[in-house]
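**Q** Below is the sequence, then the predicted model.
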Amino acid sequence: MIWIFVGIIAILLLSFYNLVAKLFSSEISSLYAIPFVSLGVFIAGMISILTTKVISIENLKFSINGAALAIFAGLLWGLGGIFYFLMFSKGTPLSMSLPFVVGGLTIIGSIFGILFLKESATIIKIIGIITIFLGLIILSRSK
């Protein structure tokens, strides 16, 4: 399966995740939401592990270092999630908050890739980052 189809599936699932997150933000505090969201992630993880056992996927890698980094990433995701859900609970519309967060993630992720992973910093990437940044400024003033 080529990466673009996998990416489209990720986009669809994460878009529905954001819709559901906005819906539950008025029903449960962001501090209480994280354990329940994490339980959903745990269940999805267990399904993926069981699936690999049933269909016998080969070449699966595992290392203690990789597991530690994954746990750290989960910690960062959970802490970020608290603030993400808190933003929703403050009444920020999904149509504004999601592009703001995703745009910010895109900018910072691109900068991290260039600085820490030594990815190329082409003029097109730099123009794209600046364009997204300008879009975030316009979006943040549109409320």
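**A** Looks like it arrived, so ask away. Residues are numbered from 1 along each chain as shown.

**Q** what does the domain assignment say about this structure?
**A** Dividing the chain into domains by automatic domain parsing, as the record does, gives the ranges 1-91, 92-143.

**Q** export those domains to a markdown table and tack on mean neighbour count?
**A** Glycine gets a C-beta too; all of them are placed from N, C-alpha and C. A markdown table is the format used below for the domains of the chain (neighbours: other Cβ atoms under 10 Å):
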| stretch | mean neighbour count |
| --- | --- |
| domain 1-91 | 12 |
| domain 92-143 | 13 |
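
**Q** Make CSV from these and add mean pLDDT to it.
**A** Formatted as CSV, these follow (pLDDT from 0 to 100):
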stretch, mean pLDDT
domain 1-91, 89
domain 92-143, 92
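
**Q** in which helix or strand would I find Ala82?
**A** Quick fix: residue 82 reads Ile, not Ala. When elements are defined using DSSP states H and E, Ile82 is found to belong to helix 64-89.

**Q** Could you point out the helix or strand that follows that helix?
**A** Under the assignment DSSP H and E, the closest C-terminal helix or strand after helix 64-89 is helix 94-116.

**Q** No further questions, thank you.
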